[in-house]
Structure formats: C-alpha cells, structure tokens
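K.L.:
Fold the following for me, if possible:
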Amino acid sequence: MPFRLLLAIIFFIIFIVLFLVGTKHFNSEYKSEGVNVDFRKYSWISLGLFFLFLILASIRVVSPGEVGIPVVFGDAKPPIQSGVNFTNPFASVKKFSIRTEEYTMSKTIGEGKGDKKDTDDSVEVLGQDGATGKVDATLLHRLNKSDASRVYKELGVDYVSKIIRPTSRTCIRDAFAGVSMVAAATTERAPVATFVQKCIESGLA
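P.N.:
Alright, predicted model coming up:
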C-alpha cells in the first residue's frame, strides 16, 4: 500500500474518532468548573488532511521513456503515459521501458544480460552440412505502449527472458539449419540475417 494512502486512511480514522468523541469535559486544577474540549473542531483538520493525502496518493509520475500499468486489486488497467497522471489511489503502478533496448547473447563473459552475464550465452547452431558453430547476437527490441497491459497480464515484468530470448535463439538456430556454415558466414550472411529478423517478428507477434 502506498505510504501516502496509508496516511490518508490514518487521518480518516482519526477524524471518525474525534467526531464521535464530540465534546469532553475535563477537570482542571485552575478552574473549579473544569474545561470543555470540543474535539469535533479538530476532526475537520484530520478530514482535510485525509483528502490532501488521498489526492497525493492518486498522483503518479511516469518518467520519459516509460509506460505505467495501474494494478488495482490484481486487475491490470490500461497503461498511463509519461508525465503526471491521476489514478486510483489504491493502484500500484508497474513501470515498463518503451525505449529501444538491446539484448546481447555472447560468448564473451560480461556481455550478456541478467543471470546469463557471467556465462557463455552464445547460440550454438548446426549448419546444413553438419558443421557446428557458436553465434553472438544482439537483438534490438521495444515494447509497444498499447500492448503493455497485455504483456504484463500474460508474461509479467520479465517478458524478455520469457519470450524474446527463447524466440530469438530458436530463430537463429532455424536460420543456420538451412545453409552450410561457410555460406552462412560469407555469401548467405544477409539472407540469414533477414530470415532471423522476420522469424523473430513473426514469433513475437
């Protein structure tokens, strides 16, 4: 629960308590008739603070190059754009990058991504001639803003490892399976690259 929403709830509870208490009489050592304290007039301060923090809890800022997915009680809502947004105060906002990102699969230690960074993450391929090899590849990808809620519902935050990585590796292996290793590295290099691109686009779609 957002901290500002928690404060709003606390002030609302204080408002209810003070309003129900009403006016209380306190004995005073200085005044023989005692002192009457009207708690209701203080309750309105608590009510004002409740609305203030409720409004603040509804304001969400999404950074440039990001899109936010409001999630209310487990239900993902349509994405909100970068800038200042008013949302349901009970919503948590999951943020996704919509910038062009790169995902590198490399034999060189340190060039990979995530938990694959410290291992050989190149793609092992088998050519049509039976020869084997290892391919270093970098995939450029960008999340469509309109698909962000669907991606979150069906794949979650780590959609790269769940769909982009396995799709690209399969396409690379399929591309090399149709040509000899020598041709793939020389005369057929451009057709192989085109095949991989179209295969990945189709698979991700």
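K.L.:
where does the closest residue to K162 other than its chain neighbours land on pLDDT?
P.N.:
Once flanking residues are discounted, K162 sits nearest to L155: 5.1 Å by CB to CB, 6 or more residues apart in numbering. (C-beta placed from N, C-alpha, C; glycine too.) pLDDT for L155: 90.
K.L.:
Correct me if wrong: D120 contacts K107.
P.N.:
Yes - between D120 and K107 there is a contact at 5.0 Å, judged by CB atoms under 8 Å.
K.L.:
shared neighbours of these two, anything?
P.N.:
Taking CB atoms under 8 Å, 6 or more residues apart in numbering as the contact rule, D120 and K107 both touch K134.
K.L.:
And the next helix or strand past the worst-scoring helix or strand of the chain on mean pLDDT?
P.N.:
Counting by mean pLDDT, DSSP states H and E, the chain has its least confident helix or strand at strand 23-26, which shows a mean of 72. Going down the chain from strand 23-26, the next helix or strand is strand 35-38, by DSSP states H and E.
K.L.:
How about residues contacting whichever helix or strand comes after that next one?
P.N.:
For strand 35-38, the succeeding helix or strand toward the C-terminus, using DSSP H and E, is helix 40-58. Helix 40-58 is contacted from outside by 2, 4-5, 7-8, 11-12, 14-16, 18-19, 21-23, 86-89, using CB under 8 Å, 6+ apart.
K.L.:
For this structure, which segments count as helices?
P.N.:
3-21, 40-58, 148-154, 159, 165-177, 181-185, 189-204 (DSSP state H).
K.L.:
Around F53, how many other residues sit close by?
P.N.:
22 (other CB atoms under 10 Å).
K.L.:
What distance do you get for it to P89?
P.N.:
Going from F53 to P89 by CB to CB, to the nearest Å gives 9 Å.
K.L.:
Spell out which residues are contacts of both of these two.
P.N.:
Common neighbours of F53 and P89 (CB under 8 Å, 6+ apart) are L5, A8.
K.L.:
rewinding a little: what would the helices of the chain look like in CSV with distance to E101?
P.N.:
Conversion of the helices of the chain to CSV gives the following (distance: least, CB to CB, whole Å):
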stretch, distance to E101
helix 3-21, 30
helix 40-58, 30
helix 148-154, 13
helix 159, 11
helix 165-177, 12
helix 181-185, 26
helix 189-204, 13
